[in-house]
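Colleague: sharing a model prediction with you, sequence too.
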Amino acid sequence: MLQKYKKITTQILYIALVLLALLFADSWLLPQKTIKDEIEYYSTIYSTHRSKYSASESKTLMGYVFLTKNKLKFSTQETFIKENDIIIEQSYLLKNITSVKTQTKDYSEKLMSGFSGLNLYLAVGLLISIVISLLSLKFDKNLTENGFQNIIIFNSFLVIIALYLGMIYN
């Protein structure tokens, strides 16, 4: 299995590495587009908890999802934006919202959507995992089938979690 799928796995990991590099470059190296907009709609994000033997549920506020007049969508962590007029910075290539400000306050640190918050930490972890996996595939002559399967499963798991969080918060 190792010899049969090593080449295609390496190619897939290189493609993922290039996509992550594009994501990082789009968010931090390339210029951002500034948009003046108004919040049109918001909703809350709750996490519900129920103990093992209880019939009642408790809800924990996770954050808010906002929709603007220009149909942009972003979410903040436990922070409600009280003003309607906002200034949004958006990346050019992937259209990720990188900054949200009002006239009085900057909410950029509280963003959960796009490439910030948990999504950022997950992307950095995936980047580190891909680099280690590529180095192992290239230089480790004693790589076992189990080690190869671990590389595939762990990177696939991180990609699935990243896609799931992207669907929730974007």
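Modeller: Nice, I can see it.

Colleague: list the buried ones in stretch 62-70?
Modeller: For stretch 62-70, burial by neighbour count (16 or more other CB atoms under 10 Å) applies to 62-66, 68. (Glycine included, C-beta is placed from N, CA and C.)

Colleague: show me the contact partners of that stretch.
Modeller: Here stretch 62-70 makes contact (CB atoms under 8 Å, 6 or more residues apart in numbering) with 35, 37-47, 73-81, 86, 88, 110, 112-113.

Colleague: burial count for residue 43?
Modeller: Using other CB atoms under 10 Å, residue 43 has 10 neighbouring residues.

Colleague: sec struct for the nearest residue to it once chain neighbours are set aside, please.
Modeller: Excluding the flanking residues, the one nearest residue 43 by CB to CB, 6 or more residues apart in numbering is residue 65, at 5.1 Å. Classification of residue 65 using DSSP: H, G, I helix; E, B strand; the rest coil returns strand.

Colleague: go on, residue 151?
Modeller: Under three-state DSSP, residue 151 falls in the helix class.

Colleague: need the buried residues of stretch 62-70 in a markdown table (columns: pLDDT).
Modeller: Shown next, in a markdown table, are those (pLDDT from 0 to 100):
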| residue | pLDDT |
| --- | --- |
| 62 | 86 |
| 63 | 88 |
| 64 | 91 |
| 65 | 90 |
| 66 | 92 |
| 68 | 93 |
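
Colleague: among the contacts of stretch 62-70, which lie within strands?
Modeller: Within those, residues falling in strands by DSSP state E are 35, 37-47, 73-77, 86, 88.
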